[in-house]
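1. Predicted coordinates and the sequence they were generated for:
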Amino acid sequence: MLALLFTASCGDKIITYDGPEVTRIVVNKGARKMYLLHGTEVLKSYNIELGFAPEGHKQFEGDGKTPEGRYVIDRRNPNSAFYLSIGISYPNRKDVEYARAQGKRPGGEIFIHGGPRPKDPKGPDWTAGCISVKNREMRQIYAMVRNGTVIDINP
């Protein structure tokens, strides 16, 4: 059995992680699950919420879809309006080219983040295209995942 050590002082958002490196994140949109992996071993799994129009790949700004495909964690925001966040490298070159060919913008600012969840969401999926988890889970994810980690987002 894998033991993970998380430490924090009372009230801190940021915790430290002393365990195996997260080498990849896998998101299965249809199952609303996200997995943090070290090689092929699942270190943690989370229930997730997605963009308000979760079916299909994000193509345009404002479409409410969560991207699909292979991206990279490329930034982090400890002061996010949505309780910690780590950025996903959407849009990539292919995403930008497709949107421009349609005369639209691809959008961006796609993150994995915590709350706050809207008081009256239209359904179980509520973000503008991001991946949302509970705040306590986001503390773990923020501590475990490093910039440069590959994220595969599947339908």
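-> It's in. Numbers count the residues shown, from 1 in each chain.
2. how about the CA coordinates for stretch 102-116, as PDB?
-> C-alpha atoms of stretch 102-116 as PDB (Å, rounded to 0.1, in the frame of the first residue of the first chain):
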ATOM      1  CA  GLN A 102     -13.500  29.300 -38.300                       C
ATOM      2  CA  GLY A 103     -13.100  33.000 -37.700                       C
ATOM      3  CA  LYS A 104     -13.200  32.600 -33.900                       C
ATOM      4  CA  ARG A 105     -10.900  32.600 -30.900                       C
ATOM      5  CA  PRO A 106      -9.900  29.400 -29.100                       C
ATOM      6  CA  GLY A 107     -10.300  30.700 -25.600                       C
ATOM      7  CA  GLY A 108      -7.900  29.800 -22.900                       C
ATOM      8  CA  GLU A 109      -7.300  30.200 -19.100                       C
ATOM      9  CA  ILE A 110      -8.200  26.500 -18.600                       C
ATOM     10  CA  PHE A 111      -7.300  25.300 -15.100                       C
ATOM     11  CA  ILE A 112      -7.800  22.600 -12.500                       C
ATOM     12  CA  HIS A 113      -9.100  24.400  -9.500                       C
ATOM     13  CA  GLY A 114     -11.200  24.300  -6.300                       C
ATOM     14  CA  GLY A 115     -14.300  26.400  -5.400                       C
ATOM     15  CA  PRO A 116     -16.300  28.500  -5.000                       C
END
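3. Give the buried residues for that stretch.
-> P106, G107, G108, I110, F111, I112, H113, G114 (16 or more other Cβ atoms under 10 Å). Bear in mind the C-beta positions are built from the backbone N, C-alpha and C, glycine included.
4. which residues touch the residue lying closest to the second one once chain neighbours are set aside?
-> Sequence neighbours aside, E61 is the residue nearest to G107 in space, at 3.4 Å (criterion: Cβ to Cβ, 6 or more residues apart in numbering). Remark: with contacts taken as Cβ atoms under 8 Å, 6 or more residues apart in numbering, E61 is in contact with A99, K104, R105, P106, G107, G108.
5. and of the residues you listed, the nearest to N79?
-> Checking the contacts of E61 against N79 with Cβ to Cβ, the nearest one is G108 at 18.7 Å.
6. would that closest one count as being in a helix?
-> No. G108: not assigned to a helix; according to DSSP: H, G, I helix; E, B strand; the rest coil it is coil.
7. Wait, it touches S89, no?
-> No. Between G108 and S89 there is no contact under Cβ atoms under 8 Å: 9.5 Å.
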